[in-house]
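Participant: got a structure for you, letters missing:
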């Protein structure tokens, strides 16, 4: 997994995945300029240009100086759901090995 992704919680799953079974990248991914998928960014997501790439990240992860910071523990579930919705909207769940999570499909 590239430097711009880190995982929050991972457990082997058997059967239908629950939210706790699936590792989700909290700091999402990059796109080359001009190849950003259409559609509005989810509230709570940011897009910043760094090293010639567009980084899509959960707000609060990229610090003002461009470094990666930790989210407070009480924001991890929010960030996981937001990451899931963003990857699903961009059609990237399978690219990241994230299965459909029924509880996340039902909304917040």
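Facilitator: Cool, got the structure. Values in this document were obtained by computation on a predicted structure and should not be read as measured data. Numbers count the residues shown, from 1 in each chain.
Participant: switch to C-alpha atoms for all contacts and neighbour counts from now on
Facilitator: Noted.
Participant: For this structure, just list every one of the helices.
Facilitator: Ranges of helices in the chain, per DSSP state H, are 76-89, 102-105.
Participant: Please produce CSV containing those, extended by mean pLDDT and distance to residue 61.
Facilitator: Formatted as CSV, the helices of the chain follow (pLDDT from 0 to 100; distance: least, Cα to Cα, whole Å):
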stretch, mean pLDDT, distance to residue 61
helix 76-89, 90, 10
helix 102-105, 87, 21
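Participant: Pick the most deeply packed of the ones you listed.
Facilitator: Of all the helices of the chain, helix 76-89 carries the top mean neighbour count, a mean of 20, counting by mean count of other Cα atoms under 10 Å.
Participant: That one - contacts with which helices or strands?
Facilitator: If you count contacts as 3 or more Cα pairs under 8 Å, 6 or more residues apart in numbering; DSSP states H and E, helix 76-89 packs onto strand 24-25, strand 53-58, helix 102-105.
Participant: I'd guessed residue 58 sits against residue 48; true?
Facilitator: No. Taking Cα atoms under 8 Å as the definition, residue 58 is not a contact partner of residue 48, at 10.9 Å.
Participant: Name the residue in those two with the higher neighbour count.
Facilitator: residue 58 (24 against 14; other Cα atoms under 10 Å).
Participant: Find the nearest non-adjacent residue to the more buried one, please.
Facilitator: The shortest distance from residue 58 to any non-neighbouring residue, by Cα to Cα, 6 or more residues apart in numbering, is to residue 45 (4.6 Å).
Participant: what's the neighbour count on the one you found?
Facilitator: 19.
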